[in-house]
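J.: sharing a sequence plus its predicted fold:
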Amino acid sequence: MLSCVDLAKSYSSERGEIEAVKGIDIEVQPGEFASIVGRSGSGKSSLLAMIGGLSRPSRGTVRVEDTDIWSLNDDRLANFRNRRVGFVYQFASLLPTLRIVDNVALPALLHRAQDAADAYQKAAGSLAQLGLSDHLDAYPAEISAGEQRRAVIARALINSPALLLADEPTSDLDEETERRIMDQFRALNREHGLTLLMVTHNLPLAQQTDRIIHIADGRLAS
Amino acid sequence: MPKKSGIGFLLASLALQNLGRRKARTLLLLTAVAICGGAVFTGAVLMQSIESSMSVGFTRLGADMLVVPSGTLTNITAALLTAEPTDLRLDDRVLKGLEALKGVEKAAPQLVFRTDASGYKGRGEVVDLIAFDPARDITVQPWLEQHLERPLRKGDVIIGGRREEALGSELMIFGWPLTVYGKLGKTAVGTHERGLFITFPTLADMRATMQQICGAKGPLEPEKISGVLLELAPGAKTQQVRFAVLANFPGVKVVSGESMLTSIRQGLTALLGGVLALMAIMFVSTGLMVSVLFSAIITERKRELGLLRAVGARRNQIVGMLLMEAGLATAMGGVGGCVLGLLLMRVYERSLVYHLDSMGIPFLWLPAGTTSLIALSCIALTSLIGAAGAFYPAWRASRLEPYALIRSEG
């Protein structure tokens, strides 16, 4: 499903070149629920951004379902992000001026293969599955942080991706909401066979996944 | 089921909502564009109006110079509207030479033939028959107050302001029936007010009959004219052109018109050029202002753009959305500018136009259709300038990696 080879990422800063990720090899099998655990600044979010086609690696390759994603041109890479991966971020990532249902339908609308009616039907269905059917016409500011995070999960799943990437998906949430979101992830993994890769600094949360990948100072830790 | 929107509509509504999110800034942008658009719209309408008014208004003040045979007795008036009736003639090669002379914008030939033998009204009334060239004319057609709803043609006559014949009626001149095509306004210049104006081809048709009736006094040779009325080019000096004419064409006399009128005409032409340059500068500065503003707007919205990119929006969709936002904002500013311009023109109408009218200089507003077309062009242009101004910051933002955009502080 996912194969990363010698993946590295450097950033330029006033203090010179900073290597956030220093050559990482990872394999994730189809249907696996894996977590990447490390301290703040260990390079785990940069790693996830490279895997998700958001940030170009300084070196190395990322293959998702046999596609070397960083060999794609910009439009194809946009299609890849739209159709093959879903993202859940650690911050409120809904567009504040769009309704919840518009936010969720957005990736489907960008995916030109389906018309607006289908996209909205799927968005309403996804939101209903996540218990948000009463909030279709609400704006992000009108619902709670936990509900916003669930709406983001609905948006990430709308184009039926092969891989769901979650970057600290339960940060800033209370324990009850955190539990509900993890239950949601496990259900998606077990009932729908969705492959999940979650970044977290919360070890107890990581222990609920199939496999934990430790990362420290931009390298895999034993 | 919630209301459904296509991706184009959704991106357009994002653009509109973003404008509404920062009301004060959007209002400032709209105001700045409205002032610029209003100035350009007003400038364009007034410029066009002044140009058309000049062609029928300032031209009415007469030619800048009159070139006649050197022995001609001239009764100098403030307005040079016609050559004087005289038996002396100029060769029409002088006309071609004058047209080619530096500083001469237009050269209008006339042949004036005063006669009491035309048979006009069946009596021996003295008539000034004036042949002119409609294509080169600068002093006859600007004074047309009424005319038939068709172009002037061979066999037509235009009557001076003191003549009474009805439009479309027939006049018998030297036995030739001429149709009254139009009537001129009153000018207080005798020859012009009493004249019967015909084209050179009409005169050519009548020439043989005229020779029979008038003998040697008739307009004998076809290539002869009584004089040439000159309009000077913008910036040309009256004295320089006068000397050039006298130096190049022996046997001619130059009569200058009112130099102040020539200066006004030339000054206005230069002013119109200046207004055009100012309009171009205003549009460029609007483009730069929009560019700076959108650089700031995009910096604020990097996270939103990054999220759109992360869920699959392509670069061209991001650029398109931002250009649409800039184009919409500046188009709204353009609409406001046109409304502002119309109000300004009302003020202008009650002040300067009133004074011009009282001086006898008519101010002709453009037809409503043309004004609407200028307004639409102005709105389209402001929208285009807005989009052009936002293009570089939008393009630059679209080149950034989604992750870099998402990590930016919104």
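T.: Looks like it arrived, so ask away.
J.: SS state for the residue of the stretch 201-350 of chain B found nearest chain A?
T.: In the stretch 201-350 of chain B, no residue comes nearer to chain A than B:G312, which is 2.4 Å away by Cβ to the nearest Cβ. (Glycine included, C-beta is placed from N, CA and C.) Put simply, B:G312 is coil when judged by DSSP: H, G, I helix; E, B strand; the rest coil.
J.: what is the helix or strand containing B:V45 packed up against?
T.: Remark: B:V45 resides in helix B:23-53, with elements defined by DSSP states H and E. Secondary-structure packing of helix B:23-53 (3 or more Cβ pairs under 8 Å, 6 or more residues apart in numbering or on different chains; DSSP states H and E): helix B:259-300, helix B:315-350, helix B:368-399.
J.: with mean pLDDT added, can I get those helices in CSV?
T.: Shown next, in CSV, are those (pLDDT from 0 to 100):
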stretch, mean pLDDT
helix B:259-300, 77
helix B:315-350, 89
helix B:368-399, 90
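J.: on that earlier part again, in the helix holding B:V45, what's buried?
T.: Within helix B:23-53, the residues that count as buried by 16 or more other Cβ atoms under 10 Å in any protein chain shown are B:26, B:29-30, B:32-50, B:52-53.
J.: centre of the chain to it, how far?
T.: Counting by Cα atoms, centre = their mean, to the nearest Å, helix B:23-53 is centred 19 Å from the centre of its parent chain.
J.: what's the angle between it and helix B:315-350?
T.: Between helix B:23-53 and helix B:315-350, the angle comes out at 50 degrees (axes from the mean of the first three to the mean of the last three Cα atoms, to 10 degrees).
J.: report the inter-axis angle for helix B:23-53 versus helix B:368-399.
T.: 140 degrees.
J.: where does the stretch 1-150 of chain B have low pLDDT?
T.: For the stretch 1-150 of chain B, residues meeting the criterion pLDDT under 70 lie at B:1-5, B:53-61, B:74-79.
J.: tell me how far B:P367 lies from B:A44.
T.: According to Cβ to Cβ, to the nearest Å, B:P367 and B:A44 sit 14 Å apart.
J.: repeat that for B:G62.
T.: In this view, B:G62 and B:A44 are 29 Å apart by Cβ to Cβ.
J.: on that earlier part again, and after the helix holding B:V45, which helix or strand comes next?
T.: Once the chain leaves helix B:23-53, the next helix or strand it forms, by DSSP H and E, is strand B:65-69.
J.: so that following strand versus helix B:259-300, what angle?
T.: Strand B:65-69 runs at 140 degrees relative to helix B:259-300, counting by the same axes, to 10 degrees.
J.: and the following helix or strand past strand B:65-69, how far from the chain's centre?
T.: Moving toward the C-terminus from strand B:65-69, the next helix or strand (DSSP H and E) is strand B:90-91. Offset of strand B:90-91 from its chain centre (Cα atoms, centre = their mean): 33 Å.
J.: strand partners (parallel or antiparallel) of strand B:90-91?
T.: The strands beside strand B:90-91 in its sheet (DSSP bridges) come out as strand B:224-225 (antiparallel).
J.: can you name the residues in contact with the partner strand?
T.: Here strand B:224-225 makes contact (Cβ atoms under 8 Å, 6 or more residues apart in numbering or on different chains) with B:83, B:89-92, B:94-95, B:109-111.
J.: parallel or antiparallel, which strands does the helix or strand following it pair with?
T.: Per DSSP H and E, the first helix or strand lying C-terminal to strand B:224-225 is strand B:227-232. Strands adjacent to strand B:227-232 in the sheet, as given by DSSP bridges, are strand B:65-69 (antiparallel), strand B:104-115 (antiparallel).
J.: straight-line length of stretch B:167-175, end to end?
T.: 19 Å (Cα to Cα, to the nearest Å).
J.: buried stuff in that stretch?
T.: Quick answer for stretch B:167-175 (16+ other Cβ under 10 Å): B:171, B:173-174.
J.: what bits of chain A have low per-residue confidence?
T.: If you take pLDDT under 70 as the line, chain A has these spans: A:112-113, A:222.
J.: which bits of it sit near chain B?
T.: When proximity is defined by Cβ under 8 Å from any Cβ of the partner chain, chain A lies next to chain B at A:46, A:49, A:52, A:54-56, A:74-75, A:78-79, A:81-83, A:87, A:89, A:93, A:95, A:97-99, A:101-102, A:106-107, A:109-112, A:116-117, A:119-121, A:124, A:136-137, A:155.
J.: domains in chain A, by residue range?
T.: Domains of chain A are assigned by automatic domain parsing as A:1-84+A:162-222, A:96-160.
J.: any idea which of those is most buried?
T.: Of all these, domain A:96-160 has the most neighbours on average by mean count of other Cβ atoms under 10 Å in any protein chain shown, namely a mean of 20.
J.: circling back: dump the contacts of strand B:224-225 to TSV, plus neighbour count.
T.: Shown next, in TSV, are the contacts of strand B:224-225 (neighbours: other Cβ atoms under 10 Å in any protein chain shown):
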residue	neighbour count
B:A83	29
B:R89	18
B:L90	25
B:D91	15
B:D92	17
B:V94	21
B:L95	20
B:P109	25
B:Q110	27
B:L111	23
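J.: shouldn't B:A108 be in contact with B:F132?
T.: Yes: between B:A108 and B:F132 there is a contact at 6.8 Å, judged by Cβ atoms under 8 Å.
J.: for these two, indicate the residue with more neighbours.
T.: B:F132 (27 against 24; other Cβ atoms under 10 Å in any protein chain shown).
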